[in-house]
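Asker: Sequence and predicted structure are below.
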Amino acid sequence: MASITKAHHMGLQVADLDRSVAFYRDVLGFTVVFAWNPQADYIRTLVGYPDADIHAAVLRLPGSEVVLELLEYRNVERTPIDTRTANPGTAHIAFFVDDLDTLYTDLVARGVRSVSAPVTPTIGPNEGGRAVYLMDPDGIRVELIQTRRSFEDFAATLDVANEVDHG
């Protein structure tokens, strides 16, 4: 049986590519792998916009395999969405950090908006750590987490009765 083998990238649709590249590169520390304006019918077919003029940038989080693709669709009708976390269809991306409070103070001083100040999780895999939801220039939530445990570490501590059938 064919299967998914590993993550390739995460993609975010943005209103202004230059603004978003500046945020992820200059504020969050990603590096630009390349930027381009791919002109190919297969891409417009793939994304479902036959007239789209897509401008894209691919960035990498240094020291990791995390790849972020930022896409600005031009020449098509676009409607900003309500990116508040509870709305179906919205998403967030999350990253481990080594000193959340210091990084948060720096980011807020640089104009980054957040949903709240950092909190200390009292349950779950991040219990005793620190967490915050920031917002990128389009309101997409970027969660920063300072914790020592992975999801797998936490799952190993759960009672067998709470386990989900993973097929």
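Answerer: Cool, got the structure.

Asker: number of nearby residues for residue 5?
Answerer: Around residue 5 sit 6 other residues, with neighbours defined as other C-beta atoms under 10 Å. No exception for glycine: its C-beta is placed from N, CA and C like everyone else's.

Asker: And for residue 16?
Answerer: With neighbours defined by other C-beta under 10 Å, the count for residue 16 comes to 14.

Asker: can I assume it is in contact with residue 80?
Answerer: No. Contact criterion C-beta atoms under 8 Å: residue 16 and residue 80 do not qualify, at 11.6 Å.

Asker: What is the longest helix anywhere in the chain packed up against?
Answerer: Using DSSP state H to assign secondary structure, the helix with the most residues in the chain is helix 100-109. Helix 100-109 is packed against strand 113-114, strand 130-135, strand 141-146, with contacts defined by 3 or more C-beta pairs under 8 Å, 6 or more residues apart in numbering; DSSP states H and E.

Asker: So which bits of it are buried?
Answerer: By neighbour count on 16 or more other C-beta atoms under 10 Å, the buried set for helix 100-109 is 100, 103-104, 107.

Asker: pull the CA atoms of that helix into CSV?
Answerer: What follows is the C-alpha trace of helix 100-109 in CSV, where atoms were taken according to Å, rounded to 0.1, in the frame of the first residue of the first chain:
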residue,chain,number,x,y,z
LEU,A,100,10.0,32.2,25.1
ASP,A,101,9.8,35.2,27.4
THR,A,102,12.9,36.9,26.1
LEU,A,103,11.9,36.2,22.4
TYR,A,104,8.4,37.4,23.0
THR,A,105,9.6,40.7,24.5
ASP,A,106,11.9,41.2,21.5
LEU,A,107,9.2,40.4,19.0
VAL,A,108,6.6,42.6,20.6
ALA,A,109,9.1,45.5,20.7
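
Asker: give me the beta-bridge partners of residue 55?
Answerer: For residue 55, the beta-bridge partners under DSSP bridges are residue 72.

Asker: Can you get me a residue count around it?
Answerer: A total of 18 residues lie near residue 55 under the criterion other C-beta under 10 Å.

Asker: now the strands: where do they sit in this protein?
Answerer: 10-13, 31-36, 53-60, 67-74, 92-96, 113-114, 130-135, 141-146 (DSSP state E).

Asker: Out of these, which gets nearest to residue 1?
Answerer: In terms of C-beta to C-beta, the element of those nearest to residue 1 is strand 10-13, at 25.2 Å.

Asker: what comes into contact with that closest one?
Answerer: Applying C-beta atoms under 8 Å, 6 or more residues apart in numbering, the set of residues contacting strand 10-13 from outside is 20, 66-73, 93, 136, 138, 140.
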